[in-house]
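S.K.: Sequence first, then the predicted structure, then my questions.
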Amino acid sequence: MTALPSASARTAPSASTPPPRRSTSPSPRSAANPRHSLKAGKNSRAGCALPKYPSPDCTGVPAGTRLATLRLNLDNDSYAVYEAGAVIDRKHIPGNLLIRAPNVTVKDSQIDGTVFNDYNGRLHPFTIVDSTIGPATGCITAPGLAYANYTAKRVRIRGHDDGFRVATPGNVRIEDSYAKLCWNPPELAPPDGSHSGGIQADCRAGECVGIWFNHNTIDNRGPNGNSGITMMSFDGNPVRNVISNDNLVMGGGYSIIYWWTTGPNFELHNNRVVEGTYVYAPADANGTCAHQNWSGNTLVTIDARYNVTSTVGPLPCIQ
């Protein structure tokens, strides 16, 4: 895969408990881009709808789909799309997919590397549905899907130490999707190994506005997982207009890290955190619970197929 630049080290805001670590995967430059509306969607594939949660069985490339392999056209490890409005349908890309034009659609496709949309200072809007991102084996030190102005539905991410990345200016909608994170040691993810996370807002160039994260499964169980879902900026820029409902989250130092800074209250409703899969606590608000609306969130147990087997108790906002 394409060699990716490392981010410079910065210190996260202090907290009374050990703070999360920033991911060492790259973030792009910011650019002004059209915002897409954040409206609830419906899961059209059978087997994933509530009360169930996304799993490998009902995300990614649908079973039986025949894929045509695209020849890589950039650096022998990537396929770049330069045509506005292009549609990639039932394709296998044996490397990275680089979105270099606006309004690209990817559906029913397998991408073995990472999907990026940063090009010439622009973050080109795109949509990806019913697709699998990442290798069947191994672990890539990079997010599976990045960076801003994108919609993802029924996407499966595997073989990446980060799942979904949100960068400035934000404008991201993710629903009915699944990510299982991996971890790389320091020699592959310097300086201290992967800082894995299911979704992270890393707003280095300015504030991130508009993040819809609805009915997804994040599995970050395993060695040294950083977080399940993180909505904060390690560079001090605000993350605003955040809605997270009906997600199933597990693993990490904290499974949910939501640090409000400005704007409307964060909305978190009917999320499930798997009891006992976190190191420190199921959630951390860094003292901002007064600016977060929580309801119906619970601690649960699950089986091997991500079905909820019991409710342990309520999960309130944790300061």
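M.R.: Received, thanks. Residues are numbered from 1 along each chain as shown.

S.K.: alpha carbons only for contacts and neighbour counts from here, please
M.R.: Noted.

S.K.: Name the residues of the longest strand seen in the chain that come out as buried.
M.R.: Identified as the longest strand of the chain according to DSSP state E is strand 156-166. Buried positions in strand 156-166, judged by neighbour count with 16 or more other C-alpha atoms under 10 Å: 156-166.

S.K.: of those, closest to D192?
M.R.: Taking C-alpha to C-alpha as the measure, D192 lies nearest D161 of the buried residues of strand 156-166, at 13.2 Å.

S.K.: Who are the contact partners of the closest one?
M.R.: The contact partners of D161, taken as C-alpha atoms under 8 Å, 6 or more residues apart in numbering, are 139-143, 181-184, 194-197.

S.K.: which residues does the residue nearest to the spatial centre of the chain bridge with?
M.R.: Nearest to the mean C-alpha position of the chain, by C-alpha atoms, centre = their mean, lies F164 at 2.1 Å. In this structure, F164 has the following beta-bridge partners (DSSP bridges): L145, I199.

S.K.: Do I have it right that it meets A148?
M.R.: No. Using C-alpha atoms under 8 Å, F164 and A148 do not qualify as a contacting pair, with a distance of 10.0 Å.

S.K.: what stretches of the chain score poorly on pLDDT?
M.R.: When residues are selected by pLDDT under 70, those of the chain lie in 1-46, 234.

S.K.: for the stretch 201-319 of the chain, what spans make up the strands?
M.R.: Taking DSSP state E, counting those that start in this stretch, the strands of the stretch 201-319 of the chain run over residues 208-214, 217-220, 227-231, 239-245, 248-251, 254-258, 266-269, 272-274, 281-284, 292-295, 298-302, 308-314.

S.K.: Tabulate those (JSON lines), appending distance to D75 and mean neighbour count.
M.R.: As requested, the strands of the stretch 201-319 of the chain are exported to JSON lines (distance: least, C-alpha to C-alpha, whole Å; neighbours: other C-alpha atoms under 10 Å):
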{"stretch": "strand 208-214", "distance to D75": "31", "mean neighbour count": "23"}
{"stretch": "strand 217-220", "distance to D75": "31", "mean neighbour count": "28"}
{"stretch": "strand 227-231", "distance to D75": "33", "mean neighbour count": "28"}
{"stretch": "strand 239-245", "distance to D75": "35", "mean neighbour count": "22"}
{"stretch": "strand 248-251", "distance to D75": "36", "mean neighbour count": "29"}
{"stretch": "strand 254-258", "distance to D75": "37", "mean neighbour count": "27"}
{"stretch": "strand 266-269", "distance to D75": "41", "mean neighbour count": "20"}
{"stretch": "strand 272-274", "distance to D75": "41", "mean neighbour count": "26"}
{"stretch": "strand 281-284", "distance to D75": "42", "mean neighbour count": "24"}
{"stretch": "strand 292-295", "distance to D75": "45", "mean neighbour count": "17"}
{"stretch": "strand 298-302", "distance to D75": "43", "mean neighbour count": "19"}
{"stretch": "strand 308-314", "distance to D75": "44", "mean neighbour count": "13"}
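
S.K.: Distance to N103 added to those, as JSON lines?
M.R.: Putting the strands of the stretch 201-319 of the chain into JSON lines (distance: least, C-alpha to C-alpha, whole Å) gives the following:
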{"stretch": "strand 208-214", "distance to N103": "18"}
{"stretch": "strand 217-220", "distance to N103": "26"}
{"stretch": "strand 227-231", "distance to N103": "26"}
{"stretch": "strand 239-245", "distance to N103": "23"}
{"stretch": "strand 248-251", "distance to N103": "30"}
{"stretch": "strand 254-258", "distance to N103": "30"}
{"stretch": "strand 266-269", "distance to N103": "28"}
{"stretch": "strand 272-274", "distance to N103": "33"}
{"stretch": "strand 281-284", "distance to N103": "36"}
{"stretch": "strand 292-295", "distance to N103": "33"}
{"stretch": "strand 298-302", "distance to N103": "37"}
{"stretch": "strand 308-314", "distance to N103": "37"}
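
S.K.: and of these, who's closest to T69?
M.R.: Proximity to T69 (C-alpha to C-alpha) singles out strand 217-220 among the strands of the stretch 201-319 of the chain, at 28.4 Å.

S.K.: For that closest one, enumerate the helices and strands it packs against.
M.R.: Secondary structure elements in contact with strand 217-220, counted by 3 or more C-alpha pairs under 8 Å, 6 or more residues apart in numbering; DSSP states H and E, are strand 178-181, strand 197-201, strand 227-231, strand 248-251.

S.K.: Walk me through which strands that strand pairs with, and which way each runs.
M.R.: Applying DSSP bridges to the sheet, strand 217-220 is found paired with strand 178-181 (parallel), strand 248-251 (parallel).

S.K.: neighbouring contacts of the first one?
M.R.: Contacts made with strand 178-181 from outside it, assessed by C-alpha under 8 Å, 6+ apart, are listed as 54-56, 59, 154-163, 196-198, 216-221.

S.K.: Just the CA trace of that strand, in CSV.
M.R.: Only the C-alpha atoms of strand 178-181 are listed here, as CSV (Å, rounded to 0.1, in the frame of the first residue of the first chain):
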residue,chain,number,x,y,z
TYR,A,178,-19.5,-2.7,10.8
ALA,A,179,-15.8,-2.3,11.7
LYS,A,180,-13.5,-4.8,13.4
LEU,A,181,-10.2,-3.2,14.3
